[in-house]
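Trainee: structure of the sequence below:
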Amino acid sequence: MSDSGGDRPKTGQRSFEVVLNRDSGTLRELWHEGLPGELEEKFGEAGVAATVRTEGADGLDAAIDRALAAAPDALVVGGGDGTVAGAATRLTGGTVPLGVLPLGTFNLAARDLGVPLELDQAVPALARAPARAIDVLQVGDRACLCTALAGFYPRMAEREEEFHGRAWWKKSLNIARKTFRDFHHSSLLGLKLETLEGERLHRATRFAAFVPGDYEDIFSVIPKRVKLTDGEMTVYISRHRGLFGLARASLAYLFGMLRMESQLERVRTRGVRIGERRRNELLMMIDGEILRLPLPLEIRVRERALKVLRPTDEK
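Mentor: Next up is the predicted model:
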């Protein structure tokens with residue numbers, strides 16, 4: 001672990017604690033010993049006194065504890081979406097805003113918040129950004145900012161070596177290839193869902209996604225959410241059985257036409273309770289992190305429960 005000293009904030013100057021995940025893909029490529037000091041200088045030039053801490057994935061919780069003990073005006077984390085979700089779990093319901101430095105591969109949370117993807121632009125944007133409250137998807141005891149997945153995909157990802165690096169399009173192609181290889185041969189989940197509104201659903205599926213808010217209907221390889229203060233979540237449940245249906249769904253996703261895909265059920269709700277016919281735990285991927293969660297499992301929206309630094313406030 002490495003801490004850089006940082007300058008004492010001037011009177012009236014905001015102070016940020018910055019925690020970087022040394023194991024994130026992009027940071028592995030960018031890392032050099034002078035990087036923490038350079039980031040502190042960049043924040044200083046933007047009018048913020050910053051202290052930068054670096055830690056491996058196993059030490060992030062302790063590093064965040066030390067950062068929060070300094071009573072900062074904001075906690076900024078640098079890493080992938082799993083790093084961001086871990087910090088959000090700690091900050092949800094509190095008063096310290098969360099900022100995101102995009103140092104992962106896809107950087108979905110940073111994109112949703114309007115953070116520029118280049119560090120030279122992200123630092124001043126965060127320094128100027130106001131704090132806004134957004135919804136959080138609570139998955140058991142963990143916060144989810146982007147998406148929680150169940151079914152064949154988390155099982156596939158658990159078997160495969162993780163891809164690290166900055167080229168999101170390379171990872172997208174790699175995911176697509178492995179998805180078409182594994183989807184048809186994956187076993188069905190026997191999901192039992194009960195929404196907070198009282199609707200009960202029993203579905204045999206190879207894939208289900210739980211999204212805070214909903215996705216925009218736009219042409220994009222990387223999904224973009226409509227609103228960050230929606231008050232509801234969207235559950236996508238696949239009824240696809242073969243590769244032809246999967247290919248059709250992939251095109252519908254790419255061209256922003258998911259709502260027109262007949263084999264993809266879409267449920268809007270404030271929360272859902274999940275069971276499974278044959279299992280007492282569920283393998284899920286939550287913002288890129290693979291976890292085994294005990295069943296029954298509750299997933300619900302916590303409205304405006306997390307303060308974040310938002311350089312743009314479009315939604």
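
Trainee: tell me where the stretch 51-200 of the chain has strands.
Mentor: 74-79, 98-102, 131-139, 142-144, 148-151, 189-195, 200-205 (DSSP state E, counting those that start in this stretch).

Trainee: now render those strands as CSV, adding mean pLDDT and mean neighbour count.
Mentor: In short, each C-beta sits where N, CA and C put it, glycine included. Output for those, formatted as CSV (pLDDT from 0 to 100; neighbours: other CB atoms under 10 Å):
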stretch, mean pLDDT, mean neighbour count
strand 74-79, 97, 26
strand 98-102, 96, 28
strand 131-139, 97, 21
strand 142-144, 97, 23
strand 148-151, 92, 24
strand 189-195, 95, 19
strand 200-205, 94, 14
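
Trainee: ok, K42 touching A122?
Mentor: No. Applying CB atoms under 8 Å, one finds K42 not in contact with A122, separated by 9.3 Å.

Trainee: so L119 touches V100, yeah?
Mentor: No. L119 is beyond contact range of V100, at 11.8 Å (criterion: CB under 8 Å).

Trainee: can you lay out the strands of the stretch 51-200 of the chain as TSV showing distance to N21?
Mentor: Shown next, in TSV, are the strands of the stretch 51-200 of the chain (distance: least, CB to CB, whole Å):
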stretch	distance to N21
strand 74-79	3
strand 98-102	10
strand 131-139	20
strand 142-144	16
strand 148-151	20
strand 189-195	31
strand 200-205	33
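
Trainee: of the ones you listed, which approaches R28 most closely?
Mentor: Of all the strands of the stretch 51-200 of the chain, strand 74-79 sits nearest to R28, with 10.7 Å by CB to CB.

Trainee: ok, K192 to P223 distance?
Mentor: 26 Å (CB to CB, to the nearest Å).

Trainee: helices or strands up against the strand ranked longest in the chain?
Mentor: Ordering each strand of the chain by length in residues (DSSP state E) puts strand 297-309 first. Under the contact definition 3 or more CB pairs under 8 Å, 6 or more residues apart in numbering; DSSP states H and E, strand 297-309 sits against helix 81-91, strand 98-102, strand 131-139, strand 233-238, strand 271-276.

Trainee: can you say which of those is nearest to H32?
Mentor: strand 98-102 (15.9 Å).

Trainee: identify the residues contacting the closest one?
Mentor: Here strand 98-102 makes contact (CB atoms under 8 Å, 6 or more residues apart in numbering) with 16, 18, 20, 26, 74-79, 84, 87-88, 91, 107, 109-111, 113, 115-117, 119, 122-123, 126, 129, 306-309.

Trainee: how much does that strand deviate in direction from strand 74-79?
Mentor: 30 degrees (axes from the mean of the first three to the mean of the last three CA atoms, to 10 degrees).

Trainee: export strand 98-102 to CSV, keeping only CA atoms.
Mentor: The C-alpha coordinates for strand 98-102 follow below in CSV (Å, rounded to 0.1, in the frame of the first residue of the first chain):
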residue,chain,number,x,y,z
LEU,A,98,-18.5,9.1,-4.3
GLY,A,99,-16.4,10.1,-7.3
VAL,A,100,-15.1,7.7,-10.0
LEU,A,101,-11.8,7.8,-11.9
PRO,A,102,-12.3,5.5,-14.9
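
Trainee: now the angle from that strand to helix 81-91?
Mentor: Using the same axes, to 10 degrees: strand 98-102 against helix 81-91 is 170 degrees.

Trainee: show me how far strand 98-102 is from its chain's centre.
Mentor: Its chain's average C-alpha position is 11 Å from that of strand 98-102, according to CA atoms, centre = their mean, to the nearest Å.

Trainee: does C146 touch E289 like I think?
Mentor: No. At 10.9 Å, C146 does not count as touching E289 under the criterion of CB under 8 Å.

Trainee: nearest to E55, of the strands of the stretch 51-200 of the chain?
Mentor: Using CB to CB, the nearest of those to E55 is strand 74-79, at 9.9 Å.

Trainee: partner strands of that closest one and their direction?
Mentor: Within its sheet, strand 74-79 is paired with strand 14-21 (parallel), strand 98-102 (parallel), according to DSSP bridges.

Trainee: contacts made by it with the rest, please.
Mentor: Contacts of strand 74-79 (CB under 8 Å, 6+ apart): 14, 16-21, 23-24, 27, 50, 60, 64, 67-68, 83-84, 87, 91, 96-104, 126, 131, 309.

Trainee: mind checking pLDDT for the nearest residue to G93 once chain neighbours are set aside?
Mentor: Distance criterion CB to CB, 6 or more residues apart in numbering; nearest residue to G93, sequence neighbours excluded, is A305 at 5.6 Å. Looking at A305, its pLDDT is 98.

Trainee: how about the one 3 residues further on?
Mentor: Reported pLDDT at V308 in the predicted model: 98.

Trainee: quickly list what the residue nearest to it when sequence neighbours are not counted is bridged to.
Mentor: Distance criterion CB to CB, 6+ apart; nearest residue to V308, sequence neighbours excluded, is L98 at 5.0 Å. Using DSSP bridges, the beta-bridge partners of L98 come out as L75, V308.
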